[in-house]
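J.: Below are the sequence and a predicted model; questions follow.
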Amino acid sequence: MVKTNDCRGPARRRSISGMFNPQDPAFVQDPYPTYRALRERAPVHFSEALNGWMFTRHADVQRVMNHPKIMRPPAGDMLLGRVPADVRTSLQAFERRLATSMPFSNPPRHTRLRSVVAQAFNRDVAEGLRLRIQRRVQHLLDRLQDARRGELLEDYGYQIPTWVIMELCGLPQEDLPMIKELVTRITPIIGQCLPTDDPAGAATTAAAATEEFTVYLEGRIAEVRRSPREDLLSRLVEAPLTADEITLTVLILIIAGTETTTHYITNAIHTLLRHPRQLRMLRDDPWLIERAAVELLRFEGPVPFLTPEIVSESVVIGGVELQPGELVYAVIGAANRDPQQFFAPEELDLTRPIGGVLSFGGGIHFCIGRHLAQMEAQIAISAIVRRFPKLRHDDAEPVPVWRADPILRGLTALPVITC
Ligand code: HEM
């Protein structure tokens, strides 16, 4: 018999052991049965693996995201907390830099950083890029058409947001492979709130790559100071930000804006191929794309967990009293399939009314790139669906599998035949 943890006081942690193992390959391939079990049987669950409380119900996740007494913990404690003390001491400069990142900042720093960047990411700026994104997408589709088959993760999903972010920031497109290599060395620390094999190695590698990125960006900043332009980097340089804040802001935008959108687009196409009736409906009615893009994000979004948060004063959410210093995880992947919020949530329904989808987070950390990401995805999904009526999985290649990463949901590859 399963016990719920809907209680207060010392007994609060009588949670259900073994319900959530983020490293379990079965969970990684299909997390939804676990999310459902948590939502139904332990909606506020203390996870030993995460050393914090997991919230899986839609209403609770919304409360967590908007609660003034729940805030971001120090970045160093979250990302370097498992690194041995002597190694962590040697990474102090890196830790100071991490502390300036927007997702790990609280007001007033967060308010200052966000207001500078928000101007560059409003709907008008996104709309201003629409035509150029459409041209870029058509060019990518031409290449896929010529080849008659392709791998959509690398050759399509990845190509769109990376091109966009380089344009927005005003960085030369030819620098992308070098930046990609640096980002590949930096991103493993994002998962460091989970137990990993080599926290010291991951942190040291990420610190060195961040230093290289800083040196690279200093060169670009010097250029911008000589001749300012109309791009984000020029705006950041003119704003009252420190050098570390500028570096981390650009780095965060590249990381937050590319992998997420890459997997948004690729997961969406994979999901459509697995739901041929829904795919046909979208092909027959192109106007459905706005709803379809939101529903595909709800159904198989790339970001299932928000950044961990910390309780600053005792607060009760979902019937559990949280104590100061405790960590809190809002599981938006589970909230997006809560039957209290969505009718038949385990079904893909491209005609579902828009509203209630939490994939872009909420509260003061609400995704800053959401208009851009939605526009990119709408263009990318509708264009490929229209261009290739016979688009299908390539059965000669291995069946698509999900990456072994519980905090960024995406495929390892998506091989398709286009004609
Ligand atoms: C499908 C694509 C995307 C998804 C699913 C997504 C999701 C999210 C989520 C859930 C958050 C909240 C994180 C948190 O509270 O911990 C967030 C924040 C953020 N996103 Fe996105 N994002 C996407 C695309 C983008 C793009 C294209 C950009 C920029 C180019 C971007 C930039 C950011 C930034 C800077 C933050 C931090 C905001 C803050 O801390 O105030 N994201 N995103």
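T.: Arrived safely.

J.: Low-confidence bits of the protein, can you list those?
T.: Residues of the chain that meet the criterion pLDDT under 70 lie in 1-18, 191-195.

J.: same thing but at 90, please
T.: Low-confidence segments of the chain, defined by pLDDT under 90, span residues 1-23, 49-50, 78-79, 81-82, 119-128, 188-199, 229-231, 404-407.

J.: what does it put close to the ligand?
T.: Counting by CB under 6 Å from any ligand atom, the chain comes close to the ligand at 102-103, 114, 165, 252-253, 256-257, 260-261, 264, 301-303, 306-307, 359-361, 365, 367-369, 372-373. C-beta coordinates here come from the backbone N, C-alpha and C atoms, glycine included.

J.: So which residues make contact with stretch 154-166?
T.: Residues outside stretch 154-166 that contact it (CB atoms under 8 Å, 6 or more residues apart in numbering) are 129, 133, 136-137, 140-141, 143-144, 150, 172-173, 175-176, 179-180, 253-254, 257-258, 260-266, 269, 372-373, 376, 379-380, 384, 413-414.

J.: list the buried ones in it?
T.: In terms of neighbour count (16 or more other CB atoms under 10 Å), stretch 154-166 has its buried residues at Y156, G157, Y158, Q159, I160, P161, T162, W163, V164, I165, M166.

J.: Out of those residues, name the ones that lie in helices.
T.: Q159, I160, P161, T162, W163, V164, I165, M166 (DSSP state H).

J.: roughly how far apart are the first one and the ligand?
T.: Q159 sits at a distance of 14 Å from the ligand (criterion: CB to the nearest ligand atom, to the nearest Å).

J.: and that residue, how far is that from Q173?
T.: To Q173, Q159 is 11 Å away according to CB to CB, to the nearest Å.

J.: cool, and the fourth one?
T.: Distance of T162 to Q173, given as CB to CB: 9 Å.

J.: ok, the residue of the chain found nearest the ligand - contacts?
T.: Nearest to the ligand in the chain, going by CB to the nearest ligand atom, is G369, at a distance of 2.1 Å. Applying CB under 8 Å, 6+ apart to G369 gives the contacts F121, L253, A256, G257, T261.

J.: and what of D394?
T.: R149, P415, V416, I417.

J.: Just give me how far stretch 264-276 sits from the chain centre.
T.: The chain centroid and the centroid of stretch 264-276 are separated by 17 Å under CA atoms, centre = their mean, to the nearest Å.

J.: What of stretch 403-413?
T.: With CA atoms, centre = their mean, you get 11 Å for stretch 403-413.

J.: Check stretch 261-270 too.
T.: The answer for stretch 261-270 is 12 Å, by CA atoms, centre = their mean.

J.: Pull out the CA atoms of it and give them to me as PDB.
T.: Provided in PDB are the C-alpha atoms of stretch 261-270 (Å, rounded to 0.1, in the frame of the first residue of the first chain):
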ATOM      1  CA  THR A 261      14.300  25.000 -29.600                       C
ATOM      2  CA  THR A 262      16.300  22.300 -31.500                       C
ATOM      3  CA  HIS A 263      14.500  19.700 -29.400                       C
ATOM      4  CA  TYR A 264      11.100  21.500 -29.500                       C
ATOM      5  CA  ILE A 265      11.200  21.300 -33.300                       C
ATOM      6  CA  THR A 266      12.600  17.800 -33.600                       C
ATOM      7  CA  ASN A 267      10.300  16.300 -30.800                       C
ATOM      8  CA  ALA A 268       7.400  17.900 -32.600                       C
ATOM      9  CA  ILE A 269       8.100  16.400 -35.900                       C
ATOM     10  CA  HIS A 270       8.800  13.000 -34.400                       C
END
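
J.: list the buried ones in that stretch?
T.: T261, T262, H263, Y264, I265, T266, N267, A268, I269, H270.

J.: What lies in contact with that stretch?
T.: 152-153, 156-158, 160-162, 293, 296-297, 300-302, 369, 373, 376-377, 380-381, 384, 391, 400, 408-411, 414, 416.

J.: Among those residues, which lie within helices?
T.: The helices, defined by DSSP H, take in 152, 160-162, 293, 296-297, 300, 373, 376-377, 380-381, 384 from these.

J.: what about V125, how many neighbours?
T.: V125 has 14 neighbouring residues, counting by other CB atoms under 10 Å.
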